[in-house]
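1. Sharing a sequence plus its predicted fold:
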Amino acid sequence: MKKLNLNVLSALTILGAIVLYSCSSGGSRDIAPDPFNINNVSGDWLFDSECDEYVFALDTIYLAQQLPDTVTINSDTDSTIFIDAGTNNLVANVDLNGNFIIPNQTFLADVDLGFGLTTLPISLNGSGSFVSNFEGSMDVTFNDTILTGAQIDCTIGLRKLE
C-alpha cells in the first residue's frame, strides 16, 4: 500500500512539473495584440461615445444620444480612413502607428429649434488612435459656428465588431 502511494505521489509530482514547465516559458512568449495595420481596420465598429452636455435656452443637448451606435470604417490608401456615420461621412489621416487626425470638416446635425427639425452644418475635428486592429479611441469636438456658438467635446471608444 505504501509503495502504491509513493508511485501515485511520484506520478503526480512529475505530472505537476510537466504542466508547470509547459505553461511557463520564462516570460519569453508574451501575448500582445497585433500591431495596427490599416488594411485590417475595414468593417463595422462599435461607437461608444461620451459627450459634454450643452444647455441651449431651455433645452439640454445630449449629443452622445444622437450619435450612431456603430460606424463603418473603410480605407483605400495607406494613410486615409473613411468613417461612415449614417448620413455623415468623415475622413481621417492615419500614420503607420494607428494615430489619426480628423481635420476640420462639416457634420450635418438635425436640431429641434422648437418649430421642427432643422439640419445645421456643424464643424467637427479631432484626433485618435487605434491601439490594435480591433480597438481604438478618439476625441472629437463639435462646433456650432452658425446658431449658438456651442462647442461640445466627445470621447469615443471604438471596438471592431466581428
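-> Thanks, I have it.

2. The nearest residue in space to Glu53 that is not next to it in sequence: which element?
-> For Glu53, ignoring the flanking residues on the chain, the nearest one in space by C-beta to C-beta, 6 or more residues apart in numbering is Thr60 at 5.4 Å. Every residue, glycine included, has its C-beta placed from N, CA and C. Thr60 belongs to strand 59-61 when elements are defined using DSSP states H and E.

3. Can you list the strands that that strand pairs with?
-> According to DSSP bridges, strand 59-61 forms sheet pairs with strand 54-56 (antiparallel).

4. starting at the chain centroid, how far to the partner strand?
-> 27 Å (C-alpha atoms, centre = their mean, to the nearest Å).

5. Buried residues in it, which are they?
-> By neighbour count, and taking 16 or more other C-beta atoms under 10 Å as the criterion, the buried residues in strand 54-56 are Tyr54.

6. hang on, the earlier thing: for the strand holding Thr60, what is the distance to the chain centroid?
-> 26 Å.

7. and after that strand, which helix or strand comes next?
-> Following strand 59-61 toward the C-terminus (DSSP H and E): helix 63-66.

8. Which strands or helices does that following helix pack on?
-> For helix 63-66, the packing partners by 3 or more C-beta pairs under 8 Å, 6 or more residues apart in numbering; DSSP states H and E come out as strand 43-51, strand 151-160.

9. CSV for these, including mean pLDDT and mean neighbour count?
-> Formatted as CSV, the helices and strands packed on helix 63-66 follow (pLDDT from 0 to 100; neighbours: other C-beta atoms under 10 Å):
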stretch, mean pLDDT, mean neighbour count
strand 43-51, 94, 16
strand 151-160, 94, 17
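
10. Using CSV, lay out these together with distance to Gln65.
-> Formatted as CSV, the helices and strands packed on helix 63-66 follow (distance: least, C-beta to C-beta, whole Å):
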stretch, distance to Gln65
strand 43-51, 9
strand 151-160, 12
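
11. so which of these comes closest to Ile101?
-> With C-beta to C-beta, the closest approach to Ile101 among those belongs to strand 151-160: 14.6 Å.

12. Contacts for stretch 74-94 next, please.
-> 38-39, 41-42, 47, 67-68, 71-73, 95, 100-103, 105, 107-108, 124, 128, 130 (C-beta atoms under 8 Å, 6 or more residues apart in numbering).

13. Enumerate the positions of that stretch that are buried.
-> Ser75, Ile81, Phe82, Ile83, Ala85, Asn88, Leu90, Ala92, Val94.

14. just the strands in the chain please.
-> 43-51, 54-56, 59-61, 70-74, 80-85, 88-94, 99-112, 117-130, 135-143, 151-160 (DSSP state E).
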